[in-house]
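Enquirer: turn this into a model:
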Amino acid sequence: MDMVKDFLDYLVNNKAITSWLISLAIAVAVFIVGRWLAKKVTGVIRTLMLKRDMEETLINFLAQVMYAMLMTVVIITSLNTMGVPVTSVAAIVGAAGLAIGLALKDSLSNFAQGVMLVLFQPFKKGDFVEVGGVSGSVEEIRIFSTILKTGDNKQVIIPNGIVGSGTITNYSVHDTRRIDLVMGVGYDDDLKVVRDVLTRTCAAHPLIMDEPKTNIFVSNLGDSSVDFVVRPWVKTSDYWTVYGDLLESFKLELEAAGCNLPYPQTDVHLHQVTS
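Expert: Modelled structure (predicted):
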C-alpha cells in the first residue's frame, strides 16, 4: 500500500506527467465525442439524401466516405489535443500515404472505380447484373467492392476494380425483355403445322406481350433438324416464368400435333466378317 501511495504522490507532484495524463484524458474524450458526432452527422446527411429520393447505393457510398473523412478530422484533433504537432502528423501521414499508396495500388484502384460506379450508375440496388463472370442482384456498392446476391442466395463480393474495368450486363435496366428460343423439328414434319403450333402457344400465354409482336421464323437447316427461332416479348420480371412455360408447352403441343423432335443419335452397324 505504501508503494502505491508513494507512486500516486509522485504522479501528483510531477507536473509534466500530470499535464500529460490530463491531455490524454481530454484527447480520449474528444475522440469519443467526435466519433459520436461523426455518426450523428452522417446519419443526418443520410436522412436528408433519403428525403430527396436519391438512389440508395449512392447514399450508402457517400455516407461511408463522409464518415471516413469526419473520423480523420477527429483523430487529428485528438492528437493535436495531446500536443502532437498537426503539421508533423500531416507530413508523416503524407509520407506514409505515398508508401501505402504504392503498396495498395489495387485498393486505390478499387476506390477510384467505386467512385466512378456511383457517379455514372450503370446499375443500382436491386438490379440483376452480370459482372466479372458472376450474375446476381446488386445488394450494395461499397468503397472498395460491390456486393451481389446470386440466384441461389449466395453473397459474392467483387472488387470494384474488376467491376469497373470489365463488361457490365444489366438485365433490369429496361422494363421488357425478348426471349430467344430455338425449337428443332424433323425434316419430314409439315413446317406450316409447326409454325401454327408455335404461334398458337405463344398467343395463348397470358404473360406474353402483344406489342412488340412475337417473331417466329426458320433460322437454320441443321444436320438432323429444321430449327425455328421463337422471339416473344415479356416484362423483365416475367422472363424466366415464360421461358420455362414455353419450353414445356412447345414440346407437348408439337408432339400432340404429330411432329418429331429430333435429338442426336448414333447408329452402330455390325458387319460379320467371314474367313
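Enquirer: all contacts plus neighbour counts: C-alpha atoms, from now on.
Expert: Fine.
Enquirer: residue 130 - that's part of a helix, no?
Expert: No: judged by DSSP: H, G, I helix; E, B strand; the rest coil, residue 130 forms no part of a helix; its state is strand.
Enquirer: and the helices in the stretch 101-250 of the chain, which stretches?
Expert: Here the stretch 101-250 of the chain has its helices, by DSSP state H, counting those that start in this stretch, at 105-120, 160-165, 191-204, 239-256.
Enquirer: export those to CSV and tack on mean neighbour count?
Expert: Compiled in CSV, the helices of the stretch 101-250 of the chain are given as follows (neighbours: other Cα atoms under 10 Å):
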stretch, mean neighbour count
helix 105-120, 18
helix 160-165, 20
helix 191-204, 16
helix 239-256, 15
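Enquirer: of all the ones you listed, which one comes closest to residue 224?
Expert: Nearest to residue 224 among the helices of the stretch 101-250 of the chain is helix 191-204 (14.7 Å), distances taken as Cα to Cα.
Enquirer: relative orientation of that closest one and helix 239-256 in degrees?
Expert: 140 degrees (axes from the mean of the first three to the mean of the last three Cα atoms, to 10 degrees).
Enquirer: name the surrounding residues that touch helix 191-204.
Expert: 185, 208, 214, 216, 230, 232, 246, 249-250, 253-254, 257, 259 (Cα atoms under 8 Å, 6 or more residues apart in numbering).
Enquirer: relative to the whole chain's centre, how far out is that helix?
Expert: How far helix 191-204 lies from its chain's middle: 39 Å, per Cα atoms, centre = their mean, to the nearest Å.
Enquirer: stretch 206-219 now?
Expert: 31 Å.
Enquirer: what's the answer for stretch 259-275, then?
Expert: With Cα atoms, centre = their mean as the basis, stretch 259-275 stands 50 Å off its chain's centre.
Enquirer: so that it lines up with my notes, have the first residue be 71 from now on.
Expert: Let's use 71 as the start, then, which means that last one is stretch 329-345.
Enquirer: for it, what is the average pLDDT?
Expert: For stretch 329-345, the mean pLDDT works out to 75.
Enquirer: run through who's touching that stretch.
Expert: With contact meaning Cα under 8 Å, 6+ apart, stretch 329-345 is reached by 254-256, 259-260, 264, 294-295, 321, 324-325.
Enquirer: okay, who's weakest in these by pLDDT?
Expert: Among these, residue 294 has the weakest pLDDT, 85.
Enquirer: comparing the helices of the stretch 171-320 of the chain, which yields the minimum mean pLDDT?
Expert: For those, the bottom mean pLDDT is recorded on helix 175-190, which sits at a mean of 73.
Enquirer: re earlier: out of the helices of the stretch 171-320 of the chain, nearest to residue 149?
Expert: Closest approach to residue 149 among the helices of the stretch 171-320 of the chain is made by helix 175-190 (26.0 Å; Cα to Cα).
Enquirer: neighbouring contacts of that closest one?
Expert: Outside helix 175-190, the residues that reach it (Cα under 8 Å, 6+ apart) are 127-128, 131, 171, 211-215, 229-235.
Enquirer: ok, which pair from the residues you listed is furthest apart?
Expert: Greatest spatial distance among those (Cα to Cα): 127 and 171, at 26.0 Å.
Enquirer: between the two, which is the more surrounded one?
Expert: residue 127 (22 against 14; other Cα atoms under 10 Å).
Enquirer: check the closest residue to residue 193 other than its chain neighbours and give its pLDDT.
Expert: In this structure, residue 193 finds its nearest non-sequential neighbour in residue 240, 6.7 Å apart by Cα to Cα, 6 or more residues apart in numbering. On the pLDDT scale, residue 240 is placed at 91.
Enquirer: and for residue 160?
Expert: Residue 160 is assigned 59 on the pLDDT scale.
Enquirer: what does the one 5 residues further on give?
Expert: At residue 165, the predicted lDDT confidence score is 55.
Enquirer: so which of the contacts of stretch 329-345 comes closest to residue 220?
Expert: Comparing those against residue 220 with Cα to Cα places residue 321 closest, at 29.7 Å.
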